[in-house]
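K.L.:
Got a predicted structure plus its sequence, pasted below:
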Amino acid sequence: MNSALIERFCDHVWMEQGLSDATLSSYRSDLKLFAKWLDKGSSSLESCDLSTLQSYMAYRYKKNYSSRSTARFLSSARKFYQYLLQTNQIKIDPTQQIETPKVQPPVPKTLSEKDVELLLAQPELDTPIGLRDKAMLELLYSSGLRITELISMEVNQIGFIQGVMRVIGKGNKERLVPIGEEALSAVRAYLKYGRPELASNAPNDWLFLSTRGSIMTRQTFWYRIKHYAKNAGIRTHLSPHTLRHAFATHLLNHGADLRTLQMLLGHSDLSTTQIYTYVARERLKQLHSEHHPRG
């Protein structure tokens with residue numbers, strides 16, 4: 001009975017809202033797990049009341065389910081019981097008086113300053129590809145760019161005299177971002193000795209070119225990052241944003257303020273930037289423990 005009801009609900013929200021397979025799968029698994037627990041108490045999804053739901057929440061707590069997992073379950077349950085209420089299968093929604101647990105945003109994976117130095121030292125500077133990759137890695141770390149912002153950059157966006165670049169971010173919003181001397185030097189070397197060879201077959205305005213002379217893809221450069229990380233012996237799990245996260249946390253560790261960091265990263269909301277304060281606090285705690293006489 002419960003399984004059939006869950007499937008009717010999934011069919012309904014799929015037809016009404018066109019939800020993705022992943023979202024429907026989450027709804028289905030959350031509700032089936034809840035239904036299995038209800039069966040042990042000879043209850044059903046339709047007969048569930050506030051007290052029963054609270055007991056299930058207590059059960060999840062005892063079983064050490066994460067707050068993120070429980071928040072997802074409640075989202076599924078709310079949607080499910082709204083459907084039952086709208087279709088007159090129940091008279092009271094048991095989720096209305098349940099508060100969603102606060103969820104700590106995921107902490108960005110980052111690299112130590114030592115690991116960043118190892119990574120940046122990997123490209124071989126006697127080849128056009130090595131010069132290109134060195135310039136791209138230096139720009140990512142120097143300016144906290146998203147990979148999409150980096151690969152879509154044109155030559156005229158770099159201001160060598162001013163030491164800044166014009167970045168086109170999300171929603172086509174422009175921002176000016178300073179470039180460090182190491183990154184500027186790497187870009188100059190690439191433009192002088194690397195790019196002319198890559199652009200010989202297909203001249204265009206893109207700053208970073210593939211071996212075919214066309215624009216680089218995210219996947220290609222992500223593969224290059226993983227290749228260099230492996231060569232450097234870096235075992236930390238990397239994501240396409242790892243150097244962006246390193247840029248942010250290292251700036252905070254060296255005294256930057258959140259508002260400045262928000263502008264540099266191109267975040268529209270300061271709350272998005274605040275997650276980096278957690279990483280910085282953890283680093284400060286570690287430094288205190290290592291170096292304070294009573295740490």
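P.N.:
Now that the structure is in, tell me what you want to look at. Only a predicted model underlies this, so the values are computations on that prediction, with no experimental measurement involved. Numbering: from 1, shown residues only.
K.L.:
Which secondary structure elements does the helix or strand hosting Tyr223 sit against?
P.N.:
Here Tyr223, judged by DSSP states H and E, is contained in helix 218-231. Under the contact criterion of 3 or more Cβ pairs under 8 Å, 6 or more residues apart in numbering; DSSP states H and E, helix 218-231 touches helix 113-120, helix 128-143, helix 147-151. Using the backbone N, CA and C atoms, a C-beta is placed for each residue, glycine as well.
K.L.:
Including mean neighbour count, could those go into CSV?
P.N.:
Converted to CSV, those look like this (neighbours: other Cβ atoms under 10 Å):
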stretch, mean neighbour count
helix 113-120, 17
helix 128-143, 23
helix 147-151, 19
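K.L.:
can you pull out the strands in the stretch 151-295 of the chain?
P.N.:
Using DSSP state E, counting those that start in this stretch, the strands found in the stretch 151-295 of the chain span residues 158-159, 164-168, 174-178.
K.L.:
now the shortest one, how far from the centre of its chain.
P.N.:
Looking back up the chat, that one is strand 158-159. Distance of strand 158-159 from the chain centroid (Cα atoms, centre = their mean, to the nearest Å) equals 28 Å.
K.L.:
What pairs with that strand, parallel or antiparallel?
P.N.:
strand 164-168 (antiparallel) (DSSP bridges).
K.L.:
which parts of the strand it pairs with are buried?
P.N.:
For strand 164-168, a neighbour-count test (16 or more other Cβ atoms under 10 Å) marks 164-165, 167-168 as buried.
K.L.:
ok, back up a step: turn the strands of the stretch 151-295 of the chain into TSV, including mean pLDDT.
P.N.:
Listed next are the strands of the stretch 151-295 of the chain as TSV, based on pLDDT from 0 to 100:
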stretch	mean pLDDT
strand 158-159	94
strand 164-168	91
strand 174-178	89
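K.L.:
can you list the ones you listed in CSV and add distance to Leu265?
P.N.:
Below are the strands of the stretch 151-295 of the chain laid out as CSV (distance: least, Cβ to Cβ, whole Å):
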stretch, distance to Leu265
strand 158-159, 19
strand 164-168, 10
strand 174-178, 9
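K.L.:
Go through those and name the closest to Asp133.
P.N.:
Nearest to Asp133, of all these, is strand 158-159, at 16.9 Å by Cβ to Cβ.
K.L.:
Out of the strands of the stretch 151-295 of the chain, flag the one nearest Glu149.
P.N.:
strand 164-168 (5.3 Å).
K.L.:
Now that closest one - C-alpha only, PDB.
P.N.:
Provided in PDB are the C-alpha atoms of strand 164-168 (Å, rounded to 0.1, in the frame of the first residue of the first chain):
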ATOM      1  CA  VAL A 164      44.200  43.900 -13.300                       C
ATOM      2  CA  MET A 165      41.900  41.900 -15.500                       C
ATOM      3  CA  ARG A 166      38.300  42.400 -16.500                       C
ATOM      4  CA  VAL A 167      36.300  39.200 -15.500                       C
ATOM      5  CA  ILE A 168      32.900  38.300 -16.900                       C
END
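K.L.:
pLDDT of the helix holding Tyr223, averaged?
P.N.:
If you average the pLDDT over helix 218-231, you get 92.
K.L.:
where in the stretch 1-150 of the chain is pLDDT low?
P.N.:
For the stretch 1-150 of the chain, the stretches flagged by pLDDT under 70 are 1, 101-108.
K.L.:
Just the helices from it, written as ranges.
P.N.:
Secondary structure of the stretch 1-150 of the chain, counting by DSSP state H, counting those that start in this stretch: helices at 2-17, 21-40, 50-62, 67-86, 113-120, 128-143, 147-151.
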